[in-house]
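Visitor: sequence first, then the predicted structure:
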Amino acid sequence: MSQEDRDEWGRVYQRVNKVCETAALHNIGVSIDAEETWITDPLDALTIIMMSTYNKGRIIVYNTLQMYRHDRLQFLIDSYDVAVEKDFILGSKLVRGAYMEKERRRAAEKGYPSPIQPDKESTDRDYNAGVKFCIDNISRVALMVASHNEYSNMYAADLLKERGLPLSHSYVHWSQLYGMSDNITFNLAKAGCSVSKYLPFGPIKDVISYLMRRAQENTSVKGQTSREMNLINTECARRKKAKE
Ligand SMILES: Cc1cc2nc3c(=O)[nH]c(=O)nc-3n(C[C@H](O)[C@H](O)[C@H](O)COP(=O)(O)OP(=O)(O)OC[C@H]3O[C@@H](n4cnc5c(N)ncnc54)[C@H](O)[C@@H]3O)c2cc1C
């Protein structure tokens with residue numbers, strides 16, 4: 001690493017540390033998003049440092065694990081081992097992953113093996129196995145189910161119930177993107193789960209690339225939008241009928 005890169009990482013460390021320190025002071029959670037694989041390793045390392053500093057006996061910092069990567073279930077287990085060794089609470093926000101086409105395209109262009117699972121079933125299998133691993137180790141792991149997948153959301157709730165744990169357990173949280181899957185968010189909230197909506201915030205010039213990505217990503221989220229539209233149309237028809 002060049003001196004220039006080292007200086008830049010020093011500055012990134014200072015800024016991220018300031019955010020986590022302030023969050024810890026006010027007892028607010030911080031989740032560090034996961035991006036493309038080629039920038040993830042330093043982010044993972046930085047997040048582990050933050051967790052080992054601020055997650056002592058409580059949950060402040062979450063890392064994000066993209067389960068469409070075939071190596072992330074093992075990474076979750078390895079992170080857990082580090083958390084046990086260094087005695088901190090492991091924050092794990094589980095997502096499926098937003099850059100599937102881009103990752104596959106780059107791997108093909110540059111001639112390295114794709115980091116992405118071979119198919120959707122494998123992603124779903126590892127996602128749900130990750131949820132189970134976190135809940136099996138709930139005394140040491142705080143889980144954020146960040147998904148619009150009905151089965152995965154329900155699976156986390158069912159596992160808690162099976163183990164006699166409350167749906168409002170302070171180490172389990174559910175989150176969906178603002179404007180998506182309100183049917184899931186509202187029903188989880190009604191059942192007593194801790195839920196949130198993920199809301200991009202900032203000047204349009206800073207958030208536009210995020211919004212563009214979300215629109216592009218919808219090509220790998222087949223059927224979800226039409227299912228939501230069907231649910232909304234059914235509910236509108238039900239209310240109209242109830243008024244007549
Ligand atoms: C609160 C929140 C925070 C998020 N933060 C991040 C983040 O930090 N980083 C990030 O990358 N994403 C993030 N996402 C987006 C997330 O990764 C998913 O892209 C999105 O939520 C769709 O997955 P799903 O679990 O909701 O639903 P589903 O519709 O069940 O799954 C769709 C996903 O499955 C995977 N998939 C689809 N087809 C295949 C295939 N053929 N082979 C392998 N896998 C396939 C893709 O990941 C696709 O996005 C976030 C989502 C939420 C709700």
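Guide: Structure's in. What do you need? Residues are numbered from 1 along each chain as shown.

Visitor: what about the closest residue to residue 163 other than its chain neighbours, how many residues nearby?
Guide: Using Cβ to Cβ, 6 or more residues apart in numbering and skipping the chain neighbours, the partner closest in space to residue 163 is residue 135 (7.0 Å). From N, CA and C alone the C-beta is placed, and that goes for glycine too. By other Cβ atoms under 10 Å, the residues close to residue 135 number 22.

Visitor: helix or strand right after the helix or strand containing residue 208?
Guide: Secondary structure from DSSP states H and E places residue 208 in helix 204-217. Next along the chain after helix 204-217, taking DSSP H and E as the criterion, comes helix 224-243.

Visitor: ok, residues contacting that following helix?
Guide: By Cβ atoms under 8 Å, 6 or more residues apart in numbering, the residues outside helix 224-243 that reach it are 148, 180, 181, 183, 218.

Visitor: tell me the domain ranges of the protein?
Guide: Here the domain parsing of the chain from automatic domain parsing is 3-199, 202-244.

Visitor: check whether the first one comes near the ligand.
Guide: Read that as domain 3-199. Yes. Using Cβ under 6 Å from any ligand atom, domain 3-199 reaches the ligand at 33-34, 64, 66, 68, 95-100, 116-117, 119-120, 123, 146-149, 175-177, 198.

Visitor: how distant is that domain from the center of its chain?
Guide: 4 Å (Cα atoms, centre = their mean, to the nearest Å).

Visitor: that domain: end-to-end distance?
Guide: 36 Å (Cα to Cα, to the nearest Å).

Visitor: now residue 236: how far from the ligand?
Guide: From residue 236 across to the ligand, the span is 24 Å (Cβ to the nearest ligand atom, to the nearest Å).

Visitor: okay, now the nearest residue in space to residue 160 that is not next to it in sequence: neighbour count?
Guide: In space, residue 160 comes closest to residue 167 once its chain neighbours are excluded; the distance is 5.7 Å by Cβ to Cβ, 6+ apart. Neighbour count of residue 167, defined by other Cβ under 10 Å: 15.

Visitor: tell me the spacing between residue 167 and the ligand.
Guide: Taking Cβ to the nearest ligand atom, one finds residue 167 at 18 Å from the ligand.

Visitor: in what helix or strand does that residue lie?
Guide: Residue 167 is part of no helix or strand, with elements assigned from DSSP H and E.

Visitor: what do you get for residue 125?
Guide: helix 120-136.

Visitor: which stretches in the chain count as helices?
Guide: 3-25, 40-54, 72-86, 100-110, 120-136, 150-162, 182-190, 204-217, 224-243 (DSSP state H).

Visitor: residues in contact with residue 39?
Guide: By Cβ under 8 Å, 6+ apart, no residues touch residue 39.

Visitor: what does the pLDDT read for residue 9?
Guide: Per-residue pLDDT puts residue 9 at 88.

Visitor: and the residue lying closest to residue 197 once chain neighbours are set aside, how close does it get to residue 84?
Guide: Leaving aside its sequence neighbours, residue 197 sits nearest to residue 178 (Cβ to Cβ, 6+ apart; 4.3 Å). Relative to residue 84, residue 178 is positioned 35 Å away (Cβ to Cβ, to the nearest Å).

Visitor: so what touches the least confident helix or strand in the chain by mean pLDDT?
Guide: The weakest-scoring helix or strand in the chain, judged by mean pLDDT, DSSP states H and E, is helix 204-217 (a mean of 78). Contacts to helix 204-217, defined as Cβ under 8 Å, 6+ apart, come from residues 98, 99, 101, 177, 200, 201.

Visitor: ditto for stretch 79-91
Guide: Identification of contacts with stretch 79-91 by Cβ under 8 Å, 6+ apart yields 29, 31, 48, 51-52, 55-63, 92, 133, 137, 140-142, 144, 171.
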